[in-house]
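Asks: Turn this into a structure:
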Amino acid sequence: MDMTRAFALTHPDQQRLQDLDGFFVEIDPTRERADIVLHRPPYNVISMAARDQLRAVFEALDADDRVRVIVVRALGGHFSSGGDIKGFLEASPEHVSELAWNVAAPARCSKPVIAANQGYCFGVGFELSLACDFRIATHTTEYALPEQKLGQIPGSGGSARLQKMVGVGRTKDIVMRSRRIPGLQAYDWGIAVDCVADSDLTAVTDALVDELRAFSPLAQRTAKKLLNDTEDAPLSIAIELEGHCYSRLRSSDDFREGVEAFHGKRKPAFRGS
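Replies: Below is the predicted model:
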């Protein structure tokens, strides 16, 4: 496997890509895949510095032609127990106000992003996962936004994103009670797209990566942006924008290839143009 941690990514703020704090990046060009791997034993706490770096890494991977799909995962038995609590007291109000923007980087990324969750997925770990396109949970996964126990509320988009997914009643139950939601319940509520045994998480994640890679990258980017942009739009506006996106894709090379492959009873070879 041609995989490297010594990845050469470019970013306007190149310094942020140096000395990654509590995580590393693997790129597998043969599978058009990048993995952002949390690694700060034992609970993969996400530092304030890591939030800025994660944003920069997502932006760099978004511009990297080697990468079609991004996976966020963790080493050890837990995805993340949350953020560095002490860091909140030390950070300036201006820095804290940027937290939601940094954690929203997976949503802004034009490429599909998968969060592979197991064990604790608390606080910013949960918020980062909610900003991804797909969440795969395991039987040991526990999701929580426990900020009420600190006299705080979620500050990186967690309650807002969750409310869109599961409604205000369930979000109040999670946020206002600092309640832990098991992986299977998260799957039942639509937070996760699957709930599997811990031993199957890698294989299920790999299968989803390969499934997404089989589609047109242009159509994938268009679908993600359309769905994100129309989440709060009235139905009539959403339908109008969908029609415009559909019309643009009709003139793409990928659409022509898809139609020709369908009629030729062969697998399409999409190029992203």
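Asks: Need the phi and psi values for residue 46.
Replies: Main-chain torsions, residue 46, degrees, to the nearest 10: phi -100, psi 120.
Asks: correct me, but it touches residue 85?
Replies: No - using Cβ atoms under 8 Å, residue 46 makes no contact with residue 85, being 11.1 Å away. C-beta: built from backbone N, CA, C; applies to glycine.
Asks: Between these two, which has more neighbouring residues?
Replies: residue 46 (28 against 11; other Cβ atoms under 10 Å).
Asks: and the more buried one, bridged to which residues?
Replies: Applying DSSP bridges to residue 46 gives these bridge partners: residue 83.
Asks: contacting residues for it?
Replies: Residue 46 is in contact with 22, 38, 40, 54, 80, 82, 83, 84, 124, 125, 128, counting by Cβ atoms under 8 Å, 6 or more residues apart in numbering.
Asks: again, only using 10 Å
Replies: Listed by Cβ atoms under 10 Å, 6 or more residues apart in numbering, the contact set of residue 46 reads 21-23, 38, 40, 53-54, 80-84, 87, 103, 123-125, 127-128, 156.
Asks: With residue 272 instead?
Replies: 65, 68, 216, 217, 218, 219, 220, 221, 252, 253, 254.
Asks: Could you give the backbone dihedrals for it?
Replies: phi 80, psi 20.
Asks: Ignoring the adjacent residues along the chain, who's closest to residue 23?
Replies: Among residues not flanking residue 23 along the chain, residue 38 sits closest, at 4.9 Å (Cβ to Cβ, 6 or more residues apart in numbering).
Asks: how close does that neighbour sit to residue 190?
Replies: 24 Å (Cβ to Cβ, to the nearest Å).
Asks: show me where pLDDT drops low in the stretch 1-150 of the chain?
Replies: Scanning the stretch 1-150 of the chain for pLDDT under 70 picks out the ranges 1-15, 87-96.
Asks: quick one: which of residue 38 and residue 190 has more around it?
Replies: Higher neighbour count among residue 38 and residue 190: residue 38, with 23 against 10, using other Cβ under 10 Å.
Asks: For that one, list each beta-bridge partner.
Replies: In this entry, residue 38 is beta-bridged to residue 23, residue 74, by DSSP bridges.
Asks: Residue 53 is in contact with that one, correct?
Replies: No - counting by Cβ atoms under 10 Å, residue 38 stays clear of residue 53, with 11.7 Å between them.
Asks: Mind listing the shared neighbours of these two?
Replies: Residues touching both residue 38 and residue 53 (Cβ under 10 Å, 6+ apart): 22, 23, 46.
Asks: possible to save those as JSON lines with distance to residue 111?
Replies: Shown next, in JSON lines, are the shared contacts of residue 38 and residue 53 (distance: Cβ to Cβ, whole Å):
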{"residue": "22", "distance to residue 111": "23"}
{"residue": "23", "distance to residue 111": "18"}
{"residue": "46", "distance to residue 111": "21"}
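Asks: and of the residues you listed, the nearest to residue 135?
Replies: For those, the minimum distance to residue 135 (Cβ to Cβ) is 16.5 Å, reached by residue 46.
Asks: ok so, going back, so can I have JSON lines of the contacts of residue 272 showing distance to residue 140 and neighbour count?
Replies: JSON lines is the format used below for these (distance: Cβ to Cβ, whole Å; neighbours: other Cβ atoms under 10 Å):
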{"residue": "65", "distance to residue 140": "36", "neighbour count": "8"}
{"residue": "68", "distance to residue 140": "29", "neighbour count": "20"}
{"residue": "216", "distance to residue 140": "35", "neighbour count": "21"}
{"residue": "217", "distance to residue 140": "33", "neighbour count": "20"}
{"residue": "218", "distance to residue 140": "37", "neighbour count": "18"}
{"residue": "219", "distance to residue 140": "35", "neighbour count": "17"}
{"residue": "220", "distance to residue 140": "30", "neighbour count": "21"}
{"residue": "221", "distance to residue 140": "33", "neighbour count": "16"}
{"residue": "252", "distance to residue 140": "42", "neighbour count": "18"}
{"residue": "253", "distance to residue 140": "44", "neighbour count": "13"}
{"residue": "254", "distance to residue 140": "39", "neighbour count": "20"}
